[in-house]
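Novice: With the sequence up front, the predicted model follows.
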Amino acid sequence: MKCLFIVIAGVSERTLIAVKPDGVQRRLVGQIVQRFEQRGFKLVGMKLLQAREDILSQHYHDLHKKPFYPNLLRYMSSGPVVAMVWEGHNVVRTSRLMVGNTNPAEAYPGTIRGDYSVHISRNVIHASDSVEGAQREIHLWFDRRELVDWDCCDHSSSYQV
Ligand SMILES: Nc1ncnc2c1ncn2[C@@H]1O[C@H](COP(=O)(O)OP(=O)(O)OP(=O)(O)O)[C@@H](O)[C@H]1O
Ligand SMILES: Cc1cn([C@H]2C[C@H](O)[C@@H](COP(=O)(O)OP(=O)(O)O)O2)c(=O)[nH]c1=O
Ligand SMILES: [Mg+2]
């Protein structure tokens, strides 16, 4: 059988995913990582950290006038966060679909928020919402040297047609 493998150009889109303190405390890190691996994305950065207030205030700078902002920062600093950078074709848009609606009450079953959370103030996971936002957030959370470029020979970098 003749097989043609096409390497998709521009697979290097990256996004910032963070398991929030409630997700870490509820031991959901493994299941969340598994979903991204299973989907075919490539992990290029990962760390457990207690987020500093300056990172959180920059991360959520667009929400600083919202009434829930003080509670949001308290929540995000209530325990460690697992910050990750995932890479792959359309990873920003696809990971938002995998994560589900901001409000878990509106999130479909099968999404991470739809499966693991019930309230908007404890919604388990963060995912960048645009390619530009992802670049800004990756730069904010990770030092360049913490990101690892690696090659793989599996289906995520080439597709059989
Ligand atoms: N009405 C609200 N009450 C309490 N917390 C909220 C509310 N709206 C948003 N938040 C919190 O602020 C976070 C950021 O809100 P945003 O609008 O950016 O949602 P999101 O992009 O789905 O979430 P994230 O940026 O964390 O991925 C939400 O994930 C949630 O934790
Ligand atoms: C809009 C909204 C967000 N949040 C919290 C939960 C969100 O995950 C976080 C960031 O909001 P946002 O970036 O709008 O949503 P998402 O997390 O889906 O990107 O702020 C609230 O607590 N109450 C709210 O009304
Ligand atoms: Mg957001």
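Specialist: On my side now, so go ahead. Ligands and ions are numbered 1, 2, ... in the order given.
Novice: quick one: contacts for the residue nearest to residue 79 when sequence neighbours are not counted?
Specialist: Leaving aside its sequence neighbours, residue 79 sits nearest to residue 21 (C-beta to C-beta, 6 or more residues apart in numbering; 3.6 Å). C-beta here means a position set from N, CA and C on the backbone, and glycine is covered the same way. Residues near residue 21 by C-beta atoms under 8 Å, 6 or more residues apart in numbering: 75, 76, 77, 78, 79, 80, 81.
Novice: any weak-confidence spans in this structure?
Specialist: Scanning the chain for pLDDT under 70 picks out 1-11, 153-161.
Novice: interface residues of it facing ligand 1?
Specialist: Proximity of the chain to ligand 1, by C-beta under 6 Å from any ligand atom, involves residues 63, 68, 72, 102, 120, 121, 123, 126, 127, 129.
Novice: same thing but 8 Å
Specialist: 18, 20, 59-60, 62-63, 66-68, 71-72, 75-76, 96, 99, 101-103, 120-123, 125-129 (C-beta under 8 Å from any ligand atom).
Novice: and the residue in the chain that ligand 2 sits nearest to, what element?
Specialist: Going by C-beta to the nearest ligand atom, ligand 2 is nearest to residue 102 of the chain, at 3.3 Å. Here residue 102 sits in a region with no helix or strand, counting by DSSP states H and E.
Novice: Mind jotting down where the helices sit in the chain?
Specialist: 21-25, 29-39, 53-59, 69-76, 91-99, 112-116, 131-141 (DSSP state H).
Novice: returning to what we had before: now, of the residues of the chain next to ligand 1, which are buried?
Specialist: Using 16 or more other C-beta atoms under 10 Å as the burial test, these include 18, 20, 59, 72, 75-76, 96, 99, 120, 122-123, 125-129 as buried.
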